[in-house]
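Trainee: Sequence and predicted structure, then a few things I'm wondering about:
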Amino acid sequence: MDSTYSKVKTGIPGFDSIISGGLKIGRSVTVSGPPGSGKTTFGLQYLHSGAKDFDEPGVYLAMSQNIDDLKNDCKSYGWDFDDLITKEKILMVDARPFKIKDELIGKDESLYRGEQLPFEHLTKLLLSSIKRIKAKRVVIDSLTILAMQYHDQFYMRQGLQGMVQALENFGVTSLILSEYSERDKIPLEWFVTSGIIQLRHTRKEDTMERTIQVTKMRGIKHSEQIHLIELDSDGLHLLHPKLIP
Ligand SMILES: Nc1ncnc2c1ncn2[C@@H]1O[C@H](COP(=O)(O)OP(=O)(O)O)[C@@H](O)[C@H]1O
Ligand SMILES: [Mg+2]
């Protein structure tokens, strides 16, 4: 067994066993999939388990959904984020470029002053949030929203590279969620991050089958199978996990 690196357990039942025990500490990994495939669930479960089972605080950066709605939806999985937020084990940061202000939709000027590089603001916001609760885990949900603001691929790549490097320097293990369907162009984050986890849902007769696949995980021996997953009242779990030594 390779024990030369520290492992960060995702706590997602069955998942750690297919990546030799856990993620590499300090690395960033992309979690990609189409809408409804379970990206947000995967991210929040990683943070919830980190805070509850491993005493590892986590930062959740919301780029698209309202935090109250998210916390509310999590109740169907039995996760109480309010309690963890009070105990400073979780910090949920609203970084949506547009949000409801005074009952109107307004642009968040504190983050996006029309500058070319909102990545810089975002990275600063992330680092101050990490320091605040001494976070060990980060989830960005999702990068796709940010990428849409960039027409210049060079700036996008540099910005992302800088953010991933900064997170690595802080020793936090991050999940970068990204929207991806098979017909899309390969997203930049697939190249820049250390790993790719793909979530899918496909039609099977009169129902849908959900799966997870580890497409890339630098420096880790991982399963090459496509594993069936299920979302139920406890969150996401693998149906037939295989042990990877
Ligand atoms: N308590 C639950 N039990 C089973 N499935 C659930 C539950 N809550 C949500 N889901 C499923 O999870 C899906 C949401 O997944 P989500 O993590 O938001 O996906 P994504 O972020 O990829 O769009 C819902 O569309 C629903 O099918
Ligand atoms: Mg989502």
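Mentor: Received the coordinates, thanks. Ligands and ions are numbered 1, 2, ... in the order given.
Trainee: now what about the helix or strand hosting Ser174, what contacts it?
Mentor: Assigned by DSSP states H and E, Ser174 belongs to strand 173-179. Outside of strand 173-179, the residues within contact range by CB atoms under 8 Å, 6 or more residues apart in numbering are 8, 23-35, 39-40, 42-43, 46, 136-144, 164, 167, 187, 189-190, 193. Placement of C-beta: from N, CA and C, glycine included.
Trainee: one more time with 6 Å, if that's ok
Mentor: Contact with strand 173-179 is made by 8, 23, 25, 28-32, 39, 43, 46, 137-144, 167, 187, 189, 193, as judged by CB atoms under 6 Å, 6 or more residues apart in numbering.
Trainee: Next: stretch 13-20.
Mentor: Contacts for stretch 13-20 (CB under 6 Å, 6+ apart): 9-10, 22, 217, 220-223, 237-238, 241, 243-244.
Trainee: picking that back up, buried subset of the contacts of strand 173-179?
Mentor: Buried members of the contacts of strand 173-179, scored by 16 or more other CB atoms under 10 Å, are 8, 23, 28-32, 39, 43, 46, 137-144, 167, 187, 189, 193.
Trainee: returning to that earlier point: keep only the contacts of strand 173-179 that also lie close to ligand 1.
Mentor: Among those, the residues within reach of ligand 1 (CB under 6 Å from any ligand atom) are Lys39.
Trainee: ok, Gly38 touching Ile197?
Mentor: No. Taking contacts as CB atoms under 6 Å, Gly38 lies outside contact range of Ile197: 10.3 Å.
Trainee: ok, the two, which is more surrounded?
Mentor: Ile197 (25 against 21; other CB atoms under 10 Å).
Trainee: Could you point out the helix or strand that follows the helix or strand hosting Phe42?
Mentor: For Phe42, the host element (DSSP H and E) is helix 39-53. Note on helix 39-53: by DSSP H and E, the next helix or strand toward the C-terminus is strand 58-62.
Trainee: Pull up the pairing partners for that next one, direction included.
Mentor: Using DSSP bridges, strand 58-62 pairs in its sheet with strand 90-94 (parallel), strand 137-141 (parallel).
Trainee: Mean pLDDT added to those strands, as CSV?
Mentor: Listed next are the strands paired with strand 58-62 as CSV, based on pLDDT from 0 to 100:
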stretch, mean pLDDT
strand 90-94, 96
strand 137-141, 97
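Trainee: right, so of those strands, which gets closest to ligand 2?
Mentor: strand 137-141 (5.9 Å; CB to the ion).
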